[in-house]
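S.K.: Sequence and predicted structure, then a few things I'm wondering about:
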Amino acid sequence: MTMEPDRWHEPTVTLPTRKEPPSPRPVAGCPECARLGQLRKAAAMERDSSTIADCNILLRTHRTGH
């Protein structure tokens, strides 16, 4: 005699969609923010996602100095 294993039917788990935070905006009148904004724009044209991410991080942390 063979025994059938127990089976549990659970609903499918749906995970929330991960949303990227919006890109930080350069602060008007700040030369460092303007430089990072231009660098990010040039990197976007080259599809250099690493430099874009670096610029976003630097813009976010630089804002704390304003």
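M.R.: Everything's here; your move.

S.K.: C-terminal to the helix or strand hosting Arg35, what's the next element?
M.R.: Using DSSP states H and E, Arg35 falls within helix 31-45. Per DSSP H and E, helix 31-45 leads on to helix 49-62 as the next helix or strand towards the C-terminus.

S.K.: In CSV, list the C-alpha atoms belonging to that following helix.
M.R.: Provided in CSV are the C-alpha atoms of helix 49-62 (Å, rounded to 0.1, in the frame of the first residue of the first chain):
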residue,chain,number,x,y,z
SER,A,49,23.9,53.8,-14.9
SER,A,50,26.8,53.5,-12.4
THR,A,51,27.7,57.2,-12.8
ILE,A,52,24.0,58.2,-12.7
ALA,A,53,23.6,56.3,-9.4
ASP,A,54,26.8,57.9,-8.0
CYS,A,55,25.5,61.4,-8.9
ASN,A,56,22.2,60.7,-7.3
ILE,A,57,23.9,59.6,-4.1
LEU,A,58,26.2,62.6,-4.1
LEU,A,59,23.3,65.0,-4.7
ARG,A,60,21.2,63.4,-1.9
THR,A,61,24.1,63.7,0.6
HIS,A,62,25.2,67.1,-0.6
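
S.K.: Would you mind pulling the contact partners of that helix?
M.R.: For helix 49-62, the external contacting residues (CB atoms under 8 Å, 6 or more residues apart in numbering) are 23-26, 30, 32-33, 36-37, 39-40, 43-44. To be clear about C-beta, it is placed using only N, CA and C from the backbone, and glycine gets the same treatment.

S.K.: Tell me who's in contact with Gly37.
M.R.: Here Gly37 is in contact with 26, 55, 59 (CB under 8 Å, 6+ apart).

S.K.: quick one: pLDDT of it?
M.R.: Gly37 is assigned 96 on the pLDDT scale.

S.K.: Would you check how far apart it and Thr61 are?
M.R.: 15 Å (CB to CB, to the nearest Å).

S.K.: what about Gln51, how many residues close to it?
M.R.: For the record, residue 51 is Thr, not Gln. 15 (other CB atoms under 10 Å).
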